[in-house]
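1. heads up, no residue letters with this:
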């Protein structure tokens, strides 16, 4: 799992070329794992070898996101198979989660993906820090020229 500050789809002509391009996604990792409260926390995770339903030829995966602080759950979201674009035997999870409601401090995020056809579970976790937005500098005042 990659924590990022930017995730975007790139044109097919740029697929697989350039720095931080993974398949059809440009992902800019946040190496420091530090985010301002005005940022969005990007999550990028690829799952492979998912089971295909024999009748529909689709996968069936549920993904849960959970943010904790001091082992207390602060935020949770679940995506059902109806909400995930699932095709083939792989799934790419790319989400931007706003963190404005989180107070400055240290947090953990856990992503749990369950293949509902096999009950296989993948759990990935990472720690990150929310920093407060530095106060803006007051606008400089200009003095009228002396007469």
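-> Arrived safely, thanks for sending. Here the structure is a predicted model, which is why all the values come from computation and not from measurement.

2. hang on, residue 75 packs against residue 64?
-> No: using C-beta atoms under 8 Å, residue 75 makes no contact with residue 64, being 11.2 Å away. C-betas here are computed from N, CA, C, even on glycine.

3. and stretch 70-82, what's buried?
-> Buried residues in stretch 70-82, counted by 16 or more other C-beta atoms under 10 Å: 74, 81.

4. same check on stretch 50-64?
-> Result for stretch 50-64 [16+ other C-beta under 10 Å]: buried residues 50, 59-63.

5. contacts for that stretch?
-> 47, 76-81, 84, 86-91, 93, 111-118, 120 (C-beta atoms under 8 Å, 6 or more residues apart in numbering).

6. how about a cut-off of 10 Å?
-> The contact list for stretch 50-64, computed with C-beta atoms under 10 Å, 6 or more residues apart in numbering, reads 43, 45, 47, 76-84, 86-91, 93, 95, 110-123.

7. residue 128 is in contact with residue 36, correct?
-> No: judged on C-beta atoms under 10 Å, residue 36 makes no contact with residue 128 at a distance of 11.5 Å.

8. point out where the protein drops to low pLDDT.
-> Residues of the chain that meet the criterion pLDDT under 70 lie in 6-7, 9-25, 87, 138-147.

9. sec struct for residue 82, please.
-> Under the three-state scheme (DSSP: H, G, I helix; E, B strand; the rest coil), residue 82 adopts helix.
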